[in-house]
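Colleague: sharing a model prediction with you, sequence too.
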Amino acid sequence: MSKNLILAYDYPLMGAFWTMLWIFMWVLWLFLLFRVIGDIFRDDSMGGWGKTGWLFFVILLPFLGIFVYLIARGRDMGKREQEHAMAQRASFDTYIRETAGGTGHADELAKLADLKNKGAITEAEFQQAKQKVLAA
């Protein structure tokens, strides 16, 4: 090599830039790898042998495996992610409804009082409905 050859790493700032770039690319690669592995396990339409094959391919030849997976099945990754998020949301909403016990007695009594104040029900009907709510 020539003595006058100047490499980018000869400049400390450029060295720091290249180091940060490689670290960013490495983190990005790990994120993509775990995203694909998560998608393989999340996919309910794929059988056990299919999941095993894809996982073996992704682990044995990671770069080729990831790129082939993204080409072959990447289009539906977003749909599967969205379905998973909606299923989690529905499960969380069901849990909250069951834990909260549906509509409480206070809400039902407030509705009855509102109906009585508007004149939709009489005082006797209000008392009767109130007794049913409190007995339940």
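Modeller: Now that the structure is in, tell me what you want to look at.
Colleague: for this structure, what helix or strand is lowest in average pLDDT?
Modeller: In the chain, no helix or strand scores lower on mean pLDDT, DSSP states H and E than helix 105-118, which sits at a mean of 84.
Colleague: what is the neighbour count of Leu112?
Modeller: Residues lying near Leu112 (other Cβ atoms under 10 Å) number 20. Just so you know, the C-beta spots here come from the backbone N, C-alpha and C atoms, and that holds for glycine as well.
Colleague: returning to that earlier point: just give me how far the least confident helix or strand of the chain sits from the chain centre.
Modeller: Here helix 105-118 is found 39 Å from its chain centre; the criterion is Cα atoms, centre = their mean, to the nearest Å.
Colleague: swap in stretch 33-47?
Modeller: With Cα atoms, centre = their mean, you get 14 Å for stretch 33-47.
Colleague: contact partners of the least confident helix or strand of the chain?
Modeller: Residues from elsewhere that reach helix 105-118, judged by Cβ atoms under 8 Å, 6 or more residues apart in numbering: Ile121, Thr122, Glu123, Glu125, Phe126, Ala129, Lys130, Val133, Leu134, Ala136.
Colleague: what residues sit buried inside the next helix or strand after it?
Modeller: Using DSSP states H and E, the helix or strand that follows helix 105-118 in sequence is helix 123-135. Using 16 or more other Cβ atoms under 10 Å as the test for burial, helix 123-135 gives Phe126, Ala129, Lys130.
Colleague: do I have it right that the second one meets Glu123?
Modeller: What it means is Ala129. No. Under the criterion of Cβ atoms under 8 Å, Ala129 is not in contact with Glu123, lying 10.9 Å apart.
Colleague: which residue ranges make up each domain of the protein?
Modeller: 8-102, 104-136 (automatic domain parsing).
Colleague: which of those domains comes out lowest on mean pLDDT?
Modeller: Looking at the domains of the chain, the lowest mean pLDDT belongs to domain 104-136 (a mean of 85).
Colleague: now that domain, how far from the centre of its chain.
Modeller: Mean C-alpha position of domain 104-136 versus that of the full chain (Cα atoms, centre = their mean) differs by 42 Å.
Colleague: ok, now how distant is Met20 from Leu13?
Modeller: Separation of Met20 from Leu13 (Cβ to Cβ, to the nearest Å): 11 Å.
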